[in-house]
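> A structural model of the following input is requested.
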Amino acid sequence: DPRFGFIEAVAAVVIQTFVRRYLARKSAMQQYYAVLTIQSFMKSCLQQMGVHQQLTGDRQQHQFDKMRQQMCNLAAVRIQAVFRGWWARDCLAVDSYCATIIQRATRGHLCRINLEFEAYCATVVQSDVRRFLAYRLATRRLASF
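Numbers count the residues shown, from 1 in each chain. Sure, this is the predicted structure:
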């Protein structure tokens, strides 16, 4: 039945979608925790600078620390942007690889099912041919009596 192959192909696409979504979420959570680690480290560094500023009490030092904090924030944003770009490219490669593996497995499965059906059809044809040959042989034998 030609519709059967189409339904299996659609099912394979749906499975691929769910697998890709699962892998993307898993990878996104790992990357999210890495970003949180970077942010918490930067915040602790900035808090330590704030404590240093309070101890010195110098106004110029405060302005310098404020500028340094802004620079650190900009640097953290830039690091995150670069990291997210790398992560997106890496996830795309992983998704493409996973899709290829799923497609290969699905196509192999469909080919095996099709092979089983073709073997069944060949068996039916062989059975019909053997029946015809046996019938013809029997009729010739009966005609020769």
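
> need the helix or strand of the chain with the lowest average pLDDT.
Counting by mean pLDDT, DSSP states H and E, the chain has its least confident helix or strand at helix 2-56, which shows a mean of 75.

> could you check the angle the helix or strand following that one makes with helix 2-56?
Reading on from helix 2-56 to the C-terminus, the next helix or strand found by DSSP states H and E is helix 59-144. Computed with axes from the mean of the first three to the mean of the last three C-alpha atoms, to 10 degrees, the direction of helix 59-144 lies at 170 degrees from that of helix 2-56.

> avg pLDDT for helix 59-144?
When pLDDT is averaged along helix 59-144, the result is 82.

> just want the most central residue of the protein.
Per C-alpha atoms, centre = their mean, the C-alpha nearest to the average position across the chain is that of residue 20, at 3.1 Å.

> ok, the nearest residue to that one once chain neighbours are set aside - contacts?
In space, and not counting its chain neighbours, residue 20 is closest to residue 95: 5.2 Å by C-beta to C-beta, 6 or more residues apart in numbering. No exception for glycine: its C-beta is placed from N, CA and C like everyone else's. By C-beta atoms under 8 Å, 6 or more residues apart in numbering, the contact list for residue 95 reads 20, 23, 24.

> and the gap between residue 95 and residue 71?
As judged by C-beta to C-beta, to the nearest Å, residue 95 and residue 71 stand 36 Å apart.

> what is the burial count for residue 99?
Per other C-beta atoms under 10 Å, the neighbour tally for residue 99 reads 16.

> and for residue 6?
For residue 6, the neighbour count with other C-beta under 10 Å is 10.
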